[in-house]
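[1] Sequence below, structure please.
(one chain, ligands or ions: 2)
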Amino acid sequence: MAKKLTIALAGNPNSGKTTVFNALTGARQHVGNYPGVTVEKKEGTLRYKDYEINVVDLPGTYSLTAYSIDEIVARNFVVEEKPDVIIDIVDASNLERNLYLATQFMELGVPLVIALNMSDLATKQGLKIDKNNLSGLLGTPLVFTIATKRKGINELPDEAIRLVENKVKLRRTTVGYGKEIQDEIGKIEELLIKDKRLIEKYPSRWLAVKLLENDSEVIKKIKESPDADKILEVVEKSIAHLKTIFGDEPESIIADRRYGFISGACSEAVRKTYEIRHTISDRIDKVLINRILGVPIFLGLMWLVFKFTFRASEPLIGWVEAFQEWLGNLLGGILPEGSAIQSLVVDGIIGGVGSVLVFVPIIFLLFLAMAVLEDSGYMARAAFIMDKLMHKIGLHGRSFIPMLLGFGCNLPAIMATRTIEDRRDRLVTILVNPFMSCGARLPVYTLFIGAFFAERIAGNILFSLYILGILVAILMAKIFRKYLFKGPAAPFVMELPPYRLPTLKGLLIHMWERGSVYLKKAGTIIFAGCVLVWFLTNFPWNPRYSKDYDTLIEQAQNNEELVTQLENEQAFEKMEKSYAGSLGRTIAPVFKPLGFDDWKVSVGLVGGFIAKEIVVGTLGTLHSVGETDEESETLREALQNEKRPDGSKLYNPLVAFSLMVFVLLYIPCVAAIAVIKRETNSWRWPIFAAFYTTAIAWIVAFIIYQGGRVLGLGG
Ligand code: GDP
Ligand code: MG
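    Ligands and ions are numbered 1, 2, ... in the order given. Predicted coordinates for the structure are as follows:
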């Protein structure tokens, strides 16, 4: 008894479907009609191995939208009759256009074999298709055929049978539509899955995409559901939302993304030995993803981004500082002088939170610049260029964008890993992201580099810290990939969507989405952290002093210099006797092998767990100098003169560098830990991240400090 099998042949008009059909079935054919319509249905049978295969020649279509009766017939046959395998006949000499239909079958989740027909013409045109590579990227078996010469024809039923018998080991892939569209798809799917009847035949994701595409047939189907009103209302909102972001119908954005997916796959797996490129995007790509020019152009653009960010934010930072000072003076004047509440509001909150808000302009502008690169389509190219390099560390280009965003703030960067589908890739990217030196570390670097390094090498020192972070991230990613998350990197299509002019609204939305994460951090966690640090450094409020300062100050009323000196002395003693003082002294020995076993910096480092900017704020407070931002000369001088108990100087360039390295690498801030918890949905990874980064920080700072001493770079 022969086993039965139904195969449907699909493909663009003129791709050679009928020729394949004839080659497969010979004379055993008959012609009928599809139910209810006058479209001709050709069927034939093929006896092959122990199978009796029913072959159906579907109408030729470019797409599976609901625009033509042919498309609807083809689609309905595939979904309603559920043939065992679809063979998509693709004109290999016109590959990218023909694969558009294939992406839609992939989306439908049907068993698919792709025939690269007309491969003789493709070769003539100078196309070299890497079959295994392309097959892995698309997640479907591929067969080269020349239907007119019957070449490869028998491989088609071979592959179809292998697929049915589950002998194919390929990872399924689909087009990723980018975060915005993906989010809307998710919202719609959530409603769809409530109606079991709807998703019986059609995958929910496919339905959602079709609804965003405004597919009249699918809308008709949805209208039969009791939840129809609600679903269509959400769809309408989603479409409107996407329209404002992209300035275009979601339908065309979705089509763009499909072509982007194909373009990415073909750029990787198809070599063109003669030039037959046509579109503008292709022409731009000839330069931008050029094998030689690609990386220098990317580095040049990144340099511009940073330059722009720092230049353009300068005046804005001035405004924030002025506002902060004004508010401090205002509230300081209103609140009772010398009271705990005045100290809390002015020093603790306005001083502390303010030193963080100063960085808001930089962060927002950086994200704005990144949004320009992303929305124009360039970022996808950067990821494409870096893909090969990233493969060397066991990740792929997708991980690259979150790493870049990490230079702004690790929180939105970690959230951006959502575009990475493979769980292991995503976890590795999340775990190494905190080594990307975020904006919050900058105040620490600025303070210590300014205090201990000559201006002429300041830039190099700063640069070396960023590079060190990247190197540690690469090394750790490699180690994680090898030991913790084993297995080869999944084949992956780096999408190359066509270039488009970003819309202002889209840019602002992107900037706001990422920047507001940072603002929220300043408003919540850093606020709380500043209050806590203030409390620890100010209480007990009236400690037992070694001298009776109040009386002494009163007696010295006429000697202003002496009064100031006494006041500073008192403030310092109060600090030393505060909870923070005892805490710092308990921890300091841990840092002895790193060179900075000092209670004040220890308190700063503990505060830095709340937010790394707090390291500077705390040092400022502990040195009881009025100004605590990184620019202040006084804090710099105080650090330069800081002494150990034996009277020797605490800091030298080596100690300062060791400290900066430690700040770069150690525990991610509380907010980052919270985001890791949320994104991985478990406590395991945030706790792991907290411990392993701190261990790495200690080890690297140890090597640098002790190594430096051996080399005689300071005591
Ligand atoms: P359909 O519209 O998809 O059914 O395409 P047809 O089977 O009618 O083929 C269209 C044209 O392409 C015909 O002239 C075929 O002879 C030709 N053709 C089909 N397959 C191949 C092939 O592999 N190589 C070449 N050179 N021509 C082919
Ligand atoms: Mg035909």
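
[2] Point out the other elements, helices or strands, that the longest helix along the chain touches.
    Longest helix in the chain by number of residues, with DSSP state H as the criterion: helix 294-334. With contacts defined as 3 or more CB pairs under 8 Å, 6 or more residues apart in numbering; DSSP states H and E, helix 294-334 has these neighbours: helix 280-288, helix 352-357, helix 360-375, helix 378-392. C-betas here are computed from N, CA, C, even on glycine.

[3] export these to a markdown table and tack on mean pLDDT?
    Shown next, in a markdown table, are the helices and strands packed on helix 294-334 (pLDDT from 0 to 100):
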| stretch | mean pLDDT |
| --- | --- |
| helix 280-288 | 78 |
| helix 352-357 | 70 |
| helix 360-375 | 84 |
| helix 378-392 | 82 |
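
[4] I'd like those as TSV, with distance to Ala701 and mean neighbour count appended.
    Conversion of those to TSV gives the following (distance: least, CB to CB, whole Å; neighbours: other CB atoms under 10 Å):
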stretch	distance to Ala701	mean neighbour count
helix 280-288	39	15
helix 352-357	24	24
helix 360-375	26	22
helix 378-392	27	20
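
[5] Turn those into a markdown table, columns for distance to ligand 1.
    Converted to a markdown table, those look like this (distance: least, CB to the nearest ligand atom, whole Å):
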| stretch | distance to ligand 1 |
| --- | --- |
| helix 280-288 | 25 |
| helix 352-357 | 63 |
| helix 360-375 | 38 |
| helix 378-392 | 31 |
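
[6] out of those, which comes closest to Phe452?
    Evaluated over those, closeness to Phe452 peaks at helix 352-357, with 20.5 Å, by CB to CB.

[7] Could I get the full set of strands for this structure?
    Assigned by DSSP state E, the strands in the chain fall at 3-11, 29-33, 40-48, 51-57, 85-91, 112-117, 127-129, 142-144, 270-272.

[8] returning to that earlier point: quick one, the longest helix of the chain and helix 378-392 angle?
    Angle between the axes of helix 294-334 and helix 378-392 is 110 degrees (criterion: axes from the mean of the first three to the mean of the last three CA atoms, to 10 degrees).

[9] how far does helix 294-334 sit from the chain's center?
    Helix 294-334 sits 23 Å away from the centroid of its parent chain (CA atoms, centre = their mean, to the nearest Å).

[10] got a list of what whichever residue of the stretch 451-600 of the chain sits closest to ligand 1 touches?
    Nearest residue of the stretch 451-600 of the chain to ligand 1: Val493, at 25.7 Å (CB to the nearest ligand atom). Residues near Val493 by CB atoms under 8 Å, 6 or more residues apart in numbering: Leu137, Leu138, Thr173, Phe261, Gly264, Ala265, Glu268.

[11] Quick check: the two most widely separated of those?
    Spanning the widest gap among these are Thr173 and Glu268, at 12.8 Å by CB to CB.

[12] if I look at the two, which residues touch both of them?
    Leu137, Val493.

[13] Enumerate every residue touching Leu365.
    The contact partners of Leu365, taken as CB under 8 Å, 6+ apart, are Phe308, Thr309, Ala312, Ser313, Leu316.

[14] mind checking how far the residue of the stretch 451-600 of the chain closest to ligand 1 is from Leu137?
    As defined by CB to CB, to the nearest Å, Val493 lies at a distance of 5 Å from Leu137.

[15] What of Leu108?
    In terms of CB to CB, Leu108 sits 18 Å off from Leu137.

[16] neighbour count winner among the two?
    Taking neighbours as other CB atoms under 10 Å, Leu108 and Leu137 compare with Leu137 leading, 23 against 18.

[17] OK, contacts around the closest residue in space to Gly529 that isn't next to it in sequence?
    Nearest-residue entry for Gly529: Ile610, 3.1 Å, with adjacent residues in sequence omitted and distances by CB to CB, 6 or more residues apart in numbering. Ile610 makes contact with Ile525, Ile526, Ala528, Gly529, Leu532, Val533, Cys669, Val670, according to CB under 8 Å, 6+ apart.

[18] what's Ile610 sitting at in phi/psi?
    Per-residue torsions, Ile610: phi -70, psi -50 (degrees, to the nearest 10).

[19] Would you mind listing what in the stretch 601-715 of the chain touches ligand 1?
    Residues of the stretch 601-715 of the chain found near ligand 1 (CB under 6 Å from any ligand atom): none.

[20] let me fix that: the stretch 1-150 of the chain
    So far as CB under 6 Å from any ligand atom goes, the stretch 1-150 of the chain lies against ligand 1 at 11, 13-19, 60, 117-118, 120-121, 146-148.

[21] Filter those residues down to the buried ones.
    The neighbour-count test (16 or more other CB atoms under 10 Å) marks Gly11, Ser15, Gly16, Lys17, Thr18, Thr19, Gly60, Asn117, Met118, Asp120, Ile146, Ala147 as buried among these.

[22] Surely Ser658 and Gly707 touch.
    No - at 9.9 Å, Ser658 does not count as touching Gly707 under the criterion of CB atoms under 8 Å.

[23] pLDDT weak spots in the stretch 401-550 of the chain?
    Applying pLDDT under 70 to the stretch 401-550 of the chain picks out residues 488-492, 522.

[24] For it, which segments are assigned as helices?
    Remark: helices assigned in the stretch 401-550 of the chain by DSSP state H, counting those that start in this stretch are 410-415, 423-432, 442-452, 455-479, 504-521, 527-538, 549-555.

[25] Can you give the contact residues for the first one?
    Same thing as helix 410-415. Residues from elsewhere that reach helix 410-415 (CB under 8 Å, 6+ apart): 367, 402-406, 430, 433-434, 436, 438, 513-515, 517-518, 521, 668-669, 671-672, 675-676, 679.

[26] Which among the residues you listed count as buried?
    The neighbour count (16+ other CB under 10 Å) marks 367, 402-406, 430, 433-434, 436, 438, 513-515, 517-518, 521, 668-669, 671-672, 675-676, 679 as buried among the contacts of helix 410-415.

[27] Asn14 and Gly60 touch, don't they?
    Yes - between Asn14 and Gly60 a contact is recorded at 7.1 Å, counting by CB under 8 Å.

[28] Of all pairs in the contacts of Leu365, which one spans the longest distance?
    Spanning the widest gap among those are Phe308 and Leu316, at 12.7 Å by CB to CB.

[29] hang on, the earlier thing: hey, what's the angle from the longest helix of the chain to helix 455-479? Just curious.
    Using the same axes, to 10 degrees: helix 294-334 against helix 455-479 is 110 degrees.
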